[in-house]
Structure formats: structure tokens, C-alpha cells
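[1] build me a model:
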Amino acid sequence: MRPLLAQTRVELAVTLRNGESLLVTLGVPIGTLVFFTLVDVLPTDGDAVDFLTPGVLALAMLSTAFANLAIATGFDRSYGVLKRLGSTPLGRGRLVAAKTLATVTLLALQAAVLVPIALGLGWRPDVETAPLLVAIGLGTVSFCGLAMLLAGRLSAMVTLATANAVFVSLLVLSGMVVPLDRLPSVLSWTSRALPSTALTEAFHGSLDHSGSVPARVWPVLALWALGTTALAVNAFRWDPDH
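    I've put the predicted structure just below:
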């Protein structure tokens, strides 16, 4: 237990000391929430903060469980850090557990920062706890699996470029900031198969006063969670030379 906790602290410290990581995990979600709430540019009905907050919470999960995890793990793997740590008494199992605990802790930190800001901007949620927790669990597994799949097969720089490109694409296409019905019809329907879109819709249904979670989001999230995890387990390479 002690090595696990020590490695978890290391993972958290590295992330919190890294300016790019802080920008992705906190800066982008906070900036998106505040700017688009205060500046009336979004094509939404009602208060902007009511539409934005569920999407920004989904964006925060995407930034931490996917982009940040993929980039950090990709560089650790390319520098041989994973290979060396995996051969120590820490072991590969506890190394993965430490990264998981660090990710969950960062998600809790994001929520602790974003929710008070949203409440201060006038957000008044109507929380449905059970679907919200299920969505968080499935979304986290989906994003982490996708992150480990990229980081375990690509070089660090390619992982960096790919993770950032995917992050921006999902931000635009998943209804986090721009409503899905304002996208071209082909993109709107195609994007409903994405885990980020399903997570955003689940958050809206779990947090909006008049919302309900569409039934279609659960099979999408479940399939992505199972699929990305299975692919990551089978494709991940600890040694950057293989």
C-alpha cells in the first residue's frame, strides 16, 4: 500500500507542477465555462450556464482521463520510465493503479473547482445521482482506455499530437459547447456514437431540471468502455523499443 500511495503522490505532483497539464485539466474547462457564460455568443435557449456546465464537466473528464493521461503516459513510456518502474517492487499492477488513483483525484479536484464557479454564475442543477455516477464511471473507463491505447503504441510526440487533435475534435463535435442540433446533420448523427457525446448527454440528463438521460447513451458508453479497455490491455507495450 505504501508504494502505491507514494507513486500516486508522484503522479499528482508531476501533473500539478506541469503548466501544460494544468492548462488542459483546469484552464481550458474554467475558461470555457466563464467566457461562454458571460459572453452571449452561443446559440442556446435559456441561461448559457445551464447548458454549459454539464458539457464543461464532461470536457474536464475528457481533458484529465484522456488527454492528460495519454500525454503523460506516452512520455513516461518513451523515456523508459514505465519499463524501469515496472521492474521495481512497485510492479506494473500498482503503477497502473497509481495512475488510476491520480486520475480520479484530479477529476475530484476539477469538480471541486468547477461546480462552485458554475453555482456562482447562476447554475442550479437538479441532480439524479444514480445515472450521474454510472456515467462518470463508464466515461472515465472509456477515456482512460483510449488514452492507454494511444500511449502504449505510439511515440511520445505522436501521442502528444494525436491526443491534442482528438481532444479538440471531441470538444467541437460532442455537444460540450455547441449544441448538437446546431451542427450539420451528418456530423450531429455521427457524433452520437462518440463516448464524449454520450457522456455529455448523460450529464445533461442527470443535472438538468427538465432533462432525462436518453437510453441510447448507455450502450454507447458501455461499448466504448469495454472496447477501449480490451484493446489497451492487448496492445499496450511497456518497452518503448518494441
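[2] make it CA atoms for all contacts and neighbour counts henceforth
    Will do.
[3] can you give me the helices in the chain?
    In the chain, the helices defined using DSSP state H lie at 2-17, 19-22, 28-38, 48-62, 69-78, 81-86, 91-120, 129-151, 156-173, 185-191, 195-207, 217-235.
[4] quick one, the third one and helix 91-120 angle?
    Think helix 28-38. 20 degrees (axes from the mean of the first three to the mean of the last three CA atoms, to 10 degrees).
[5] one more: the fourth one?
    The directions of helix 48-62 and helix 91-120 differ by 170 degrees, with the same axes, to 10 degrees as the criterion.
[6] tell me what helix 48-62 is packed against?
    On a contact count with 3 or more CA pairs under 8 Å, 6 or more residues apart in numbering; DSSP states H and E, helix 48-62 meets helix 28-38, helix 91-120, helix 129-151, helix 195-207.
[7] what comes up buried for that helix?
    If you call a residue buried by 16 or more other CA atoms under 10 Å, then helix 48-62 has these buried ones: 48-62.
[8] state the mean pLDDT of that helix.
    Mean pLDDT, helix 48-62: 92.
[9] do you know how far P89 is from W218?
    39 Å (CA to CA, to the nearest Å).
[10] these two: which is more packed in?
    Taking other CA atoms under 10 Å, P89 and W218 do not tie; W218 has more neighbours (19 against 9).
[11] can you count the residues close to the residue nearest to the more buried one when sequence neighbours are not counted?
    Nearest non-adjacent residue to W218, counting by CA to CA, 6 or more residues apart in numbering: A198, 7.6 Å away. Per other CA under 10 Å, the neighbour tally for A198 reads 27.
[12] report pLDDT for W238.
    So W238 comes in at 82 (pLDDT).
[13] ok, S155 - contacts?
    Shown in contact with S155 (CA atoms under 8 Å, 6 or more residues apart in numbering): 74-75, 78, 240.
[14] how about low-confidence regions in the protein?
    Low-confidence segments of the chain, defined by pLDDT under 70: 43, 45, 210-211, 241-242.
[15] hmm, what's the outermost residue in it?
    P89 (29.9 Å; CA atoms, centre = their mean).
[16] give me the distance between that residue and P3.
    Applying CA to CA, the value for P89 to P3 is 8 Å.
[17] in this structure L82 contacts F236, no?
    No - assessed by CA atoms under 8 Å, L82 is found out of contact with F236, at 11.4 Å.
[18] among those two, which residue is more densely surrounded?
    Ranked by neighbour count (other CA under 10 Å), L82 and F236 place L82 first, with 22 against 15.
[19] got a list of what the more buried one touches?
    L82 neighbours (CA under 8 Å, 6+ apart): 76, 238-239.
[20] equivalent analysis for L95, please.
    By CA under 8 Å, 6+ apart, the contact set of L95 is 4, 7, 85-86.
[21] columns distance to S191 on top of these, output as TSV?
    Formatted as TSV, these follow (distance: CA to CA, whole Å):
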residue	distance to S191
L4	38
Q7	37
L85	38
G86	37
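[22] between those, identify the one with the most neighbours.
    Q7 (21 neighbours).
[23] wait, doesn't that one sit right on A98?
    Yes - in terms of CA under 8 Å, Q7 counts as a neighbour of A98; the distance is 5.9 Å.
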